[in-house]
Structure formats: structure tokens, C-alpha cells
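here are the coordinates; sequence isn't available:
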């Protein structure tokens with residue numbers, strides 16, 4: 001049983017995770033519903049953990065203040081003297097709870113050693129030790145740490161604007177002169193006009209810039225090894241017989257710069273302070289490599305993070321611009337996470353070209369063109385380009401993504417035999433990736449997508465018995481869920497296939513949230529009556 005129970009609204013899960021992680025790093029035994037394992041009785045376990053916790057942190061936000069479940073849990077904790085309220089949003093606390101002092105985390109930077117965490121630790125220790133909270137001591141410490149909280153907030157905003165100004169503008173194409181305060185002021189006005197900074201943040205930064213707190217100039221360089229653009233090695237020239245050249249250096253620069261800016265703006269708002277700091281450090285040559293490794297490791301260890309694709313895009317754009325091997329690896333993963341992003345394929349094309357993998361560079365450029373063709377309704381042209389690309393892509397994960405899309409195209413025109421063959425090939429490639437990196441969460445996640453599509457295609461081509469057997473093997477080896485209840489029932493009733501009653505509905509043939517081609521509704525065709 002855990003000592004500390006965290007009550008929150010499910011919509012705030014990504015925001016609450018840093019709080020749980022920070023408390024655990026400070027030595028607290030914490031329970032929140034991410035601790036539930038598949039198949040467990042959700043309600044019974046929550047009841048048990050809530051009852052046995054010595055302290056109950058209630059996270060008040062816009063969502064939780066309207067949640068009946070959160071208010072119910074908060075009421076039980078209040079009545080039993082275990083309530084520890086925390087504010088993540090400035091909201092009116094529901095009636096019945098306003099008399100309890102809530103720790104203000106609205107400007108928390110996500111760090112385990114932040115001032116807010118020190119205050120919360122004092123309150124929790126009192127609850128766990130069964131003693132009254134010393135209100136006067138807490139208030140004294142709150143006033144003392146208040147100045148630190150304001151400073152941390154200002155420094156976070158400084159890192160944001162410097163990361164965008166010095167990094168977004170100059171990381172890919174360094175300026176001929178140093179970045180001056182005038183440059184930063186111009187960048188500040190642009191960000192304010194685009195709504196990427198709040199007026200309060202802009203005022204804070206304007207005051208800091210006018211005071212000269214950042215120094216007269218802020219230098220920025222493209223490459224971590226100190227080479228100037230003139231000293232950097234030229235891009236490899238494609239072989240003469242390459243029909244479709246990979247992207248040019250100028251095209252890559254523009255693509256990488258735009259990708260970096262968008263990814264940075266997303267990651268700079270990440271709830272984890274360490275991730276935000278690493279994103280800001282990516283713009284500094286002396287800290288860039290270590291920061292990239294930090295972001296890479298975090299993304300590998302947090303496969304369910306909603307900003308994981310942006311972290312890989314950040315690593316991919318910066319890494320490739322600086323010849324860091326992690327850049328190419330990040331871009332290859334990004335092709336699976338955001339396959340409809342033409343920028344990813346174009347940057348990957350340049351990356352392959354740089355290391356003399358000319359045929360693959362051509363193939364990645366072809367996929368980028370195929371994405372555009374498909375978006376414009378030129379499906380036959382897109383399919384031909386994907387077929388040509390699939391022959392030359394060596395990385396199993398990247399090739400699997402293209403092959404899987406070919407299966408989707410075949411399925412959309414009703415050619416389920418061709419679709420099943422493509423999905424079988426993609427599934428085999430996914431297994432190859434998973435076997436090479438058994439602990440890779442990204443590899444395991446995409447296996448389910450292709451396994452489900454293979455089962456659907458086999459079923460619709462009249463090979464239901466084979467579909468059931470494939471599903472059984474996939475469940476046994478990779479814990480794959482059935483794509484729909486109808487297939488699960490038919491496999492169990494008609495073919496006596498031993499399957500786990502685990503279903504993750506696939507409303508269309510596409511089960512991944514983002515795909516190479518535009519999302520379309522697929523009208524299922526009736527499955528043929530199987531022959532026992």
C-alpha cells in the first residue's frame with residue numbers, strides 16, 4: 001500500500017505525472033492510477049488505495065474541479081484529516097474545500113527540488129507522521145521561497161525566448177554577426193504577435209532585455225564541433241544514375257529550421273522540467289550533445305508521452321544539422337510516429353545522402369513525394385512511388401512503414417489478398433526490429449498496428465482461419481489485442497481458437513493515429529462465410 005494517494009482528473013494525466021515522479025524522487029511512496037495493471041478491478045483498487053493512504057493529494061484544475069469522482073475522493077480525505085490540496089490551475093476550489101490551504105503549483109517548473117516541492121514535502125511529512133501541520137512555519141517558508149519561485153518563472157521564460165531566437169533562427173543557418181539584443185527584441189515581438197508568448201511573459205522579458213541582464217550579445221553557432229559553415233564537409237553528391245535526387249542543402253536547412261522551431265515550441269511547454277531545460281540547451285553548442293542524449297533517453301523511456309513525436313523531431317532536426325548519429329536514428333523513429341510529415345522524409349533523405357546511402361536517400365525523397373501525391377488524390381502515382389521506395393529502404397522500421405501503407409492502399413481498393421501480403425511483410429519487419437531491440441517500446445507499439453491490419457485483411461480475403469491463428473500467435477508473442485469484437489467472437493466460436501478477450505477497436509483499416517495518407521473512412525466489406 002502507498003502512503004500518498006494522488007486524486008486528479010484523467011484529462012490532466014500528462015500534467016500530474018511530473019508531480020508523481022518528483023514526489024517519488026524525494027522518497028515518497030506514491031500511488032496514482034497509472035499504477036494499475038491491465039485486467040485489474042479499477043474501482044476496487046482505487047477504493048483500497050484511497051482508504052489506506054496516509055495523505056491524499058487532490059490536484060485542483062479546470063477539469064478536476066468539475067469532476068464528481070475527484071470531489072468525492074477529496075471529501076473523504078477532508079473528513080478523515082488526510083487532505084493535501086494542490087493547485088495546477090487558478091480555479092475556484094469547489095464548495096466545502098476552500099478553507100484548506102492549497103499549495104500553489106501554477107508556476108511550478110516541474111523540478112523535484114523546486115520551492116513548491118519543498119513546501120509540499122513539509123505538509124506531507126506532517127501527515128505521514130501523524131502530527132499537525134505547523135501553519136506559521138509553512139507560511140514563513142512560503143514567503144521565503146516565493147522570491148525563488150518568481151525567479152524560476154522568469155528564467156524559464158528567458159530560456160524559451162533564447163531557445164527560439166538563438167536556436168530557431170540560427171541553429172540551422174548561423175548569422176554572419178552575433179545575435180544582439182535588438183535581434184532578441186525583434187524575436188520577442190514576433191512571438192508575442194503570433195501568440196507564442198503571453199503578454200505577461202513578454203513584459204517580463206522586455207524588462208530583462210532592457211536591463212541588459214542577458215549581456216550585450218548572445219552568440220549562436222550551427223555546429224557543436226566549432227566548424228564554420230565554410231569548413232563543414234559538403235553534402236555528398238548523388239550518383240549520376242539516381243533518377244530523383246535527395247533534398248539539397250538549402251532545402252534541408254529550411255526544412256530543419258521550420259521543424260526545429262515547431263518542435264521546440266511544443267517541447268518547451270513540456271511538464272517535465274528536465275525536458276524543458278534540455279530543449280533550451282539544444283541551442284548552445286557546448287551543451288547540445290548532452291541535451292540531445294537526455295531527450296533521446298527520455299523519449300525511449302516514456303513511450304506514452306504525448307509529446308514524444310516532437311522530442312524525436314527536435315533530436316532529428318538538430319542532430320542531423322550537426323552530424324550527430326542520434327539525428328538519423330530519431331528521424332527513422334519519427335517516420336513511424338508522424339509518417340504523414342513530409343519534412344521528416346526530406347530530412348531523412350539528406351541524412352542518408354550524407355552517409356553515402358544514395359539509393360535510400362532517393363527512396364526517402366520518393367516517399368515525401370508520395371505523401372504529397374496522396375494528399376492531392378493522385379493515389380496511383382503515390383502507390384508507384386511507394387513501391388519504388390520500398391525496394392531501396394534498408395532500415396527495417398522505415399521500410400515496414402512504407403510497406404504497411406501499400407497494404408492500406410490495396411485494402412482501400414478492395415484487393416485484400418495484396419493487402420494481407422503487404423501487412424504480413426510489414427509485420428515480419430516489425431518483428432525483426434523488436435528482436436534486435438526487445439526493450440524498445442516504439443517497436444512493440446507499431447507491431448500491434450500491423451498485426452491488427454493483417455488479421456483484418458486475412459479475414460476479409462476469406463482466410464478467416466488463418467486470421468484467427470495469426471491473432472493467436474500475435475497475442476502470445478506480442479500481447480496484441482483483437483481488432484474488433486466480431487472477429488474475436490468468430491475465431492472463438494467457429495474455429496475454437498484460444499484467444500484472450502482483449503479488444504482494441506480499429507474503426508477503420510488504419511489503426512495508427514497518423515498515417516502517410518489522408519484519413520479516409522473505410523466501409524468494411526462483409527466477410528465471406530468461412531469454411532470450417
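Thanks, I have it. Here the structure is a predicted model, which is why all the values come from computation and not from measurement. Residues are numbered from 1 along each chain as shown.

residue ranges with poor pLDDT in the stretch 201-350 of the chain?
201-250, 283-284 (pLDDT under 70).

meant to ask about the stretch 401-532 of the chain
Within the stretch 401-532 of the chain, the segments meeting pLDDT under 70 span 437-445, 502-532.

Helices of that one, start to end?
Counting by DSSP state H, counting those that start in this stretch, the segments of the stretch 401-532 of the chain that form helices are 416-436, 441-460, 464-478, 485-494.

In TSV, list the ones you listed along with mean neighbour count and distance to residue 59.
(C-beta placed from N, C-alpha, C; glycine too.) Formatted as TSV, the helices of the stretch 401-532 of the chain follow (neighbours: other CB atoms under 10 Å; distance: least, CB to CB, whole Å):
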stretch	mean neighbour count	distance to residue 59
helix 416-436	21	36
helix 441-460	24	26
helix 464-478	19	35
helix 485-494	16	35
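
So which of those is nearest residue 57?
helix 441-460 (27.8 Å; CB to CB).

and the closest one, what other elements does it pack with?
Using 3 or more CB pairs under 8 Å, 6 or more residues apart in numbering; DSSP states H and E, the elements in contact with helix 441-460 are helix 325-337, helix 396-412, helix 416-436, helix 464-478, helix 485-494.

can I get those helices in TSV with distance to residue 253?
Below are the helices and strands packed on helix 441-460 laid out as TSV (distance: least, CB to CB, whole Å):
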stretch	distance to residue 253
helix 325-337	14
helix 396-412	23
helix 416-436	31
helix 464-478	40
helix 485-494	48
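
what's the following helix or strand after the helix or strand containing residue 276?
Assessed by DSSP states H and E, residue 276 sits inside helix 273-281. Moving toward the C-terminus from helix 273-281, the next helix or strand (DSSP H and E) is helix 288-301.

the inter-axis angle of the following helix or strand past that following helix versus helix 288-301?
Next helix or strand after helix 288-301 toward the C-terminus (DSSP H and E): helix 308-321. Going by axes from the mean of the first three to the mean of the last three CA atoms, to 10 degrees, helix 308-321 is angled at 150 degrees with respect to helix 288-301.

that older thread, I'd like the helices of the stretch 401-532 of the chain as TSV, with distance to residue 57 appended.
What follows is the helices of the stretch 401-532 of the chain, written out as TSV (distance: least, CB to CB, whole Å):
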stretch	distance to residue 57
helix 416-436	37
helix 441-460	28
helix 464-478	36
helix 485-494	38
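
can you tell which of those helices is closest to residue 110?
Residue 110 lies closest, by CB to CB, to one member of the helices of the stretch 401-532 of the chain: helix 441-460, at 22.0 Å.

quick one on the thing from earlier: nearest to residue 75, of the helices and strands packed on helix 441-460?
For residue 75, the closest of these is helix 485-494, at 37.6 Å, according to CB to CB.

Against which helices or strands is that closest one packed?
Applying 3+ CB pairs under 8 Å, 6+ apart, we find helix 485-494 packed against helix 441-460, helix 464-478.

Quick one: closest of these to residue 332.
With CB to CB as the criterion, residue 332 lies closest to helix 441-460 of the helices and strands packed on helix 485-494, at 10.0 Å.

rewinding a little: among the helices of the stretch 401-532 of the chain, which is nearest residue 268?
Per CB to CB, nearest to residue 268 of those: helix 441-460, 23.0 Å.

Name the residues that touch stretch 14-31?
The contact list for stretch 14-31 (CB atoms under 8 Å, 6 or more residues apart in numbering) reads 1-6, 8, 32, 34, 49, 53, 57, 59, 61, 86, 88, 105, 110-112, 114, 117, 120-121, 124, 271-273, 305-306.
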